[in-house]
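[1] Fold the following, please.
(chains A and B)
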Amino acid sequence: MASSNAFLGGAKGRLLPAALVFRYFASALVFQALAWSALFFAAPALPGFAGGLGWPLAALHLVTLGVLVMTAIATSLQLLPVASRQALSPSHWPYDLVWAVFTVGVLALCTGMAMTLPILLLTGAILVTLALLLYLVLLVRNLRGARGMPLVIAHCWAAALSLLLLVGTGLSLASAYSAVSLLDRQSALTLHVTFGAYGFMGMLVMGFSYILVPMLALCDNPAQRWSNLSLTLASAALALALPTALGVLPVHWFALALGAGALAFMIHVALMLQCLRSGMRQGLGKSFVLVRLGWIGLAASFVVALAQACQAPAALPPGLLLVLLIGGLLTLLLGVLSRIVPFLAAMHASTGQRRPPTASSLTVQRALDLHFYSHLAALLLLLLALASDSVWLVRTSALLGLTGALAFGVFFATAWRRMTAPA
Amino acid sequence: MNTSAGARRPGEQWREPDGVHLEVRGLAPPSPFVTIIKLITSLTDATMVVVHHDRDPLPLYDELAQRGWHAERIEGDAGEFRLRLTRAD
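    The predicted structure is shown next:
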């Protein structure tokens, strides 16, 4: 591959430095371990948790901000320039700044939540807000300069707009603990969860899936008519959720928004399943079992959210929606990460080597296997714990989740070590 | 044979003395990647493949290496990223 290496070097104008992207991913994995650890301490307060400061809220934000958003930032900032033929600016300080401010902010925010320190929480929220606004500038610059891929770009624009609402409502909720309320708490909470999970993360996941899933499964692009319909429904759902949560539209319109969102997601998943069935690569292993289970978790979250919106008589455990929604996103994301980390490492490892390593040679399957079983057992036990109000089941779940997080860390560290090993 | 950008449809294949040519300009990602892998998988002999691309296809190289192929950039039209793919063995 000596000859191809020669021009791979030129192509690296569209790759962020390996140390930078891997630092984001490594931070996300550290936050994952911290989140499961926080869940262990949250166990006594978790059954019946319905909001408020404490360990459960800290554990939740360690996952959502520390793992999901951190990974989303790295993935979007790397994938968009590669896929849309844009040269990156040689100056990387904005990426370093986003990472540093965001990491410190998340640590301060979650410590403030866990220790019930409103001032620290607000400081963390302000830092997170600043970091996310800077990230938004970088994201919008990528989107404005993108060529082609209108479907992916449209999803990313929806995610970018959702991020603004996520940040605004997050700041409002955080400042409320310091007696400065910017927005009605219930409206802010509804918008925060909706636009954070379904809007920002959901739209990014769906958009990037239209590139990553066909590429990994080696299948044709999904039918454009159906993918456009999915996008239209998802955008309409978000557009409807905003005035409903603000009280401009009657509250039952929120169920309609959820219905439209659920339909959009079902169409998207049907397209992805069709792609996986028809793809040339059938053996995608446990990584895509995680992806499929992530889809199931997200689909189930729509059902629970609809039941809550329709005030269904059956008593649903508090926290069930969040576990399905965040657990689904986390499971899907870890499944994809287990595929793209070695892939990205193989691209970076080619520099200066006569024959670059393949992605499979950078993977530690045993660590991924341990993560797979531990992670799924942890989520299953967490669901059981919510149903049975069991503190010890929460603690067992947290220990299993931590085991899985550490195993994933071993996989990640090995990929890094092999990538940076001399030829 | 005319290999200019306007003369071929996205996804079109044709033969020339130097091998099978594949036009992937104008295809939305990841279709170029998938189309190239489908083509090399269908070839049973040592036929070379010339790919007419509009970008440096970063994700392609690892997939080619895993399948025993390697890539080399060759001269192409203005704005084109032309690759010659050869079976390694």
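
[2] what's the helix or strand harbouring A:Met419 packed up against?
    Assigned by DSSP states H and E, A:Met419 belongs to helix A:391-420. Where contact means 3 or more Cβ pairs under 8 Å, 6 or more residues apart in numbering or on different chains; DSSP states H and E, helix A:391-420 is packed against helix A:18-42, helix A:320-349, helix A:365-388. (Glycine included, C-beta is placed from N, CA and C.)

[3] pLDDT score for the residue nearest to A:Ala131 when sequence neighbours are not counted?
    Nearest residue to A:Ala131 in three dimensions, chain neighbours excluded: A:Phe102, at 3.6 Å (Cβ to Cβ, 6 or more residues apart in numbering or on different chains). A:Phe102 is assigned 98 on the pLDDT scale.

[4] so A:Phe102 touches A:Thr129, yeah?
    No. Applying Cβ atoms under 8 Å as the test, A:Phe102 and A:Thr129 come out as separate, 9.9 Å apart.

[5] Counting neighbours around each, name which of these two comes out higher.
    With neighbours defined as other Cβ atoms under 10 Å in any protein chain shown, A:Phe102 and A:Thr129 compare such that A:Phe102 has more, 25 against 19.

[6] how far away is the more buried one from chain B?
    Distance of A:Phe102 to chain B, given as Cβ to the nearest Cβ, to the nearest Å: 26 Å.

[7] ranking the helices and strands packed on helix A:391-420 by burial, who's on top?
    Stretch with highest mean neighbour count among those: helix A:320-349 (a mean of 23; mean count of other Cβ atoms under 10 Å in any protein chain shown).

[8] Spell out which helix or strand contains the residue nearest the centre of chain B, please.
    Of all residues in chain B, the one closest to the mean position by Cα atoms, centre = their mean is B:Val51, 2.3 Å from it. Per DSSP H and E, B:Val51 falls inside strand B:49-53.

[9] Let me see the ranges of the strands in chain A.
    Assigned by DSSP state E, chain A shows no strands.

[10] residue ranges with poor pLDDT in it?
    Residue ranges of chain A with pLDDT under 70: A:1-13, A:85, A:313-314, A:350-356, A:423.

[11] And for A:Gly279, the neighbour number?
    By the criterion of other Cβ under 10 Å, A:Gly279 has 18 neighbours.

[12] Just to check, it is in contact with A:Asn221?
    No. If you go by Cβ under 8 Å, A:Gly279 and A:Asn221 don't touch, sitting 11.7 Å apart.

[13] So for the residue in the stretch 101-250 of chain A that chain B sits nearest to, what's the nearest residue that isn't a sequence neighbour?
    Closest contact between the stretch 101-250 of chain A and chain B, by Cβ to the nearest Cβ, is at A:Met215 (3.9 Å). Setting aside the residues directly before and after it, A:Met215 is nearest to B:Pro30 in space (Cβ to Cβ, 6+ apart), at 3.9 Å.

[14] for A:Val167, what are its contacts?
    Applying Cβ atoms under 8 Å, 6 or more residues apart in numbering or on different chains to A:Val167 gives the contacts A:Val128, A:Thr129, A:Leu132, A:Leu133.

[15] Might you enumerate the residues of chain B proximal to chain A?
    Within chain B, the residues that sit near chain A (Cβ under 8 Å from any Cβ of the partner chain) are B:28-31, B:33-34, B:37-38, B:41, B:54-56, B:58-59, B:61-62, B:64-66, B:70-73.

[16] How far does the lowest-mean-pLDDT helix or strand in chain B sit from its chain's centre?
    Counting by mean pLDDT, DSSP states H and E, the weakest-scoring helix or strand in chain B turns out to be helix B:60-66, with a mean of 84. Distance of helix B:60-66 from its chain centroid, counting by Cα atoms, centre = their mean, to the nearest Å, is 13 Å.

[17] give me the number of residues near A:His268?
    Applying other Cβ under 10 Å, we find 27 residues neighbouring A:His268.

[18] likewise A:Gly285?
    Using other Cβ under 10 Å: A:Gly285 sits among 15 other residues.

[19] Now for the closest residue to chain B within the stretch 301-423 of chain A: which residues touch it?
    Across the stretch 301-423 of chain A, the shortest distance to chain B (Cβ to the nearest Cβ) belongs to A:Ala346, at 4.5 Å. Each residue near A:Ala346 by Cβ under 8 Å, 6+ apart is listed here: A:Pro356, A:Pro357, A:Thr358, A:Ala359, A:Leu362, A:Met419, B:Asp62.

[20] show me the contacts for the closest residue to B:Ala65 other than its chain neighbours.
    Distances taken as Cβ to Cβ, 6+ apart place A:Thr358 nearest to B:Ala65, at 5.5 Å, with adjacent residues excluded. Residues in contact with A:Thr358, defined by Cβ under 8 Å, 6+ apart, are A:Ala346, B:Asp62, B:Ala65, B:Gln66.

[21] And A:Gly404, by the same measure?
    Counting by Cβ under 8 Å, 6+ apart, A:Gly404 has contacts A:Trp36, A:Leu370, A:His371, A:Phe372, A:Tyr373, A:Ser374, A:His375, A:Ala378.

[22] could you point out the longest helix in chain B?
    helix B:31-42 (DSSP state H).

[23] quick one: buried residues of that helix?
    Neighbour counts over helix B:31-42 (16 or more other Cβ atoms under 10 Å in any protein chain shown) mark B:Ser31, B:Pro32, B:Phe33, B:Val34, B:Thr35, B:Ile36, B:Ile37, B:Leu39, B:Ile40 as buried.

[24] circling back to that earlier point, got the CA positions of the least confident helix or strand of chain B in PDB?
    Only the C-alpha atoms of helix B:60-66 are listed here, as PDB (Å, rounded to 0.1, in the frame of the first residue of the first chain):
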ATOM      1  CA  LEU B  60     -12.100   2.800   1.000                       C
ATOM      2  CA  TYR B  61      -8.500   1.900   1.700                       C
ATOM      3  CA  ASP B  62      -9.000  -0.300   4.700                       C
ATOM      4  CA  GLU B  63     -11.800  -2.200   3.000                       C
ATOM      5  CA  LEU B  64      -9.500  -2.700  -0.100                       C
ATOM      6  CA  ALA B  65      -6.600  -3.900   2.100                       C
ATOM      7  CA  GLN B  66      -8.900  -6.400   3.900                       C
END
